[in-house]
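my questions are about this predicted structure, shown below with the sequence.
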Amino acid sequence: MAINQAVDRSAMSAAQAQLARVDSEGCADHSYRRTLLAAAGPAANRDLADAVHLLCSLYGRYPGLIEIALNSCPTGPVRDWLRQASDSYERERLYLVRLTASVGPLPSTPGAAETEAALVAQRHAIETLATSERRGCALGAATALMADWPAVRELLDRAADRIGLQKPAMILPDHDSIMRVIGEGTDGLASERALGFGGQQLLLQNRGLFDLLEARAAARGDF
């Protein structure tokens, strides 16, 4: 019994660390995300459209991170969670694609080739995390994406409000679900470290995208 309790505490610690990582390293507190949420000037629609288009380029494609991870995940609770997360995220993907079609064209911005190269590199990095053979890495990336997505969704909803587009309810896995699957998907320091690495790298891509958006806005002279 004492051994099981120790394992449970270790698993819970890994889950708590992952959610704390999202809080401290996710995109919620990125200064440019906050700028976009508060934007009300003449450039606001253009900047929001830019954000929607680039987010769609990174996360609107199928298969995405979760589906790629699901394809190579063995039968068990982690695979079950990934399947449920994939089903839930499909609503978000369709919303993102529909919103992209509604906000207008991608704003003309100097350095288009550099932007595309950066997006290609980000997509490759995310696919690499999803296909990692290190136990826990893909789960770390997937759970980080699910925990960080509400901050992205807030921005999408801001863009939808400005153009009068209906917003679907968000039904992604909650924190309790994320904590449970981390407990089921990690079994020691090696898998916990891999999970932490996957989560950290995914969050790095999300913040990097907002860095790119900020640079593009500056190149257009929007702020």
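Cool, got the structure.

what's the average pLDDT for stretch 121-134?
The average pLDDT for stretch 121-134 rounds to 98.

quick check: which element contains Thr35?
Per DSSP states H and E, Thr35 falls inside helix 31-38.

tell me the gap between that helix and the middle of its chain.
In terms of CA atoms, centre = their mean, to the nearest Å, the centre of helix 31-38 is found 17 Å from the chain centre.

just want the angle from whatever helix or strand comes next after that helix to helix 31-38.
Counting by DSSP H and E, the next helix or strand C-terminal to helix 31-38 is helix 44-59. In terms of direction (axes from the mean of the first three to the mean of the last three CA atoms, to 10 degrees), helix 44-59 departs from helix 31-38 by 130 degrees.

now do the contacts for the closest residue to Pro105 other than its chain neighbours.
With sequence-adjacent residues excluded and distances taken as CB to CB, 6 or more residues apart in numbering, Pro105 is closest to Ala49, at 7.7 Å. All C-beta atoms are positioned from the backbone trio N, CA, C, and that covers glycine. Shown in contact with Ala49 (CB atoms under 8 Å, 6 or more residues apart in numbering): Val103, Gly104, Pro105, Leu106, Pro107, Ala159.

make it 7 Å
By CB atoms under 7 Å, 6 or more residues apart in numbering, the residues touching Ala49 are Val103, Gly104, Pro107.

ditto for Asp222
Neighbouring residues of Asp222 by CB under 7 Å, 6+ apart: Ala43, Arg46, Asp47.

can you give me the pLDDT of the first one?
Here, the pLDDT recorded for Ala43 equals 92.

contact partners for it?
Neighbours of Ala43 in contact, by CB under 7 Å, 6+ apart: Asp222.

measure it to Arg34 for me?
From Ala43 across to Arg34, the span is 16 Å (CB to CB, to the nearest Å).

with Ser57 instead?
Using CB to CB, Ser57 is found at 22 Å from Arg34.

rewinding a little: nearest to Val181, of the contacts of Asp222?
Closest approach between the contacts of Asp222 and Val181, by CB to CB: Asp47, at 35.4 Å.

thinking again about what came up before, weed out the non-buried ones from the contacts of Ala49.
For the contacts of Ala49, a burial check counting by 16 or more other CB atoms under 10 Å picks out Val103, Pro107.

and the contacts of Ala49, which of them are in strands?
Using DSSP state E to define strands, no part of the contacts of Ala49 is located there.

for stretch 169-181, how far is the first residue from the last?
End-to-end distance of stretch 169-181 (CA to CA, to the nearest Å): 23 Å.

name the element the residue most central in space within the chain belongs to?
Compute the mean C-alpha point of the chain, and by CA atoms, centre = their mean the closest residue is Leu145, 3.4 Å away. Element membership of Leu145 [criterion: DSSP H and E] is helix 137-163.

pLDDT on the longest helix seen in the chain, on average?
For the chain, the helix that runs over the most residues, judged by DSSP state H, is helix 189-220. Averaged over helix 189-220, pLDDT sits at 97.
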